[in-house]
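In: Let me see the structure of the following:
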Amino acid sequence: MTEEDFEVDGEDEQDFFYLLSPVCFYCARLPVDEERVCPAFPDGIPTQIWYGKYDHKKPFPGDHGLQFKSKTPKEDEAADYISKKYKEY
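Out: Numbering: from 1, shown residues only. As a prediction, the model looks like this:
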């Protein structure tokens, strides 16, 4: 399955999740006023991470040594749960 295969209410999933990542939302590194960038990926967060298909608690090529950092322990649990659910698809 590719990104083009996804649809959300008639919209491409890429456009839908461009504004809100199901995992990055819980990361303390994600700036509030920026779109799909962070200190780990100043040129753009890779889709595998943005969509929750890759657990960014592990190093990822080009992440400048910065991985997911939860804002709170509860948000860490939420990100883990969402990431597991998205990997099933």
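In: Only C-alpha atoms from now on, for both contacts and neighbour counts.
Out: OK.
In: And P59, how close does it get to E35?
Out: According to CA to CA, to the nearest Å, P59 stands 22 Å off from E35.
In: starting at the chain centroid, how far to the longest helix anywhere in the chain?
Out: In the chain, with assignment by DSSP state H, the single longest helix is helix 73-87. Relative to the centre of its chain, helix 73-87 is centred 11 Å away, using CA atoms, centre = their mean, to the nearest Å.
In: what's in contact with that helix?
Out: 22-24, 26, 51-55, 69-70 (CA atoms under 8 Å, 6 or more residues apart in numbering).
In: can you do 7 Å?
Out: The contact list for helix 73-87 (CA atoms under 7 Å, 6 or more residues apart in numbering) reads 22-23, 26, 52-53, 55, 70.
In: Widest-spaced pair of those residues?
Out: Of all pairs drawn from the contacts of helix 73-87, the greatest distance, 17.1 Å, lies between K53 and S70 (CA to CA).
In: The two: which is more packed in?
Out: S70 (21 against 18; other CA atoms under 10 Å).
In: which residue sits closest to that one, ignoring its sequence neighbours?
Out: C27 (4.7 Å; CA to CA, 6 or more residues apart in numbering).
In: The one you found against F68, yeah?
Out: Yes: at 5.9 Å, C27 counts as touching F68 under the criterion of CA atoms under 7 Å.
In: the more surrounded of these two?
Out: Taking other CA under 10 Å, C27 and F68 do not tie; F68 has more neighbours (22 against 19).
In: what about the more buried one, distance to Y81?
Out: For F68 relative to Y81 (CA to CA), the value is 14 Å.
In: What's the per-residue pLDDT of S70 here?
Out: Looking at S70, its pLDDT stands at 87.
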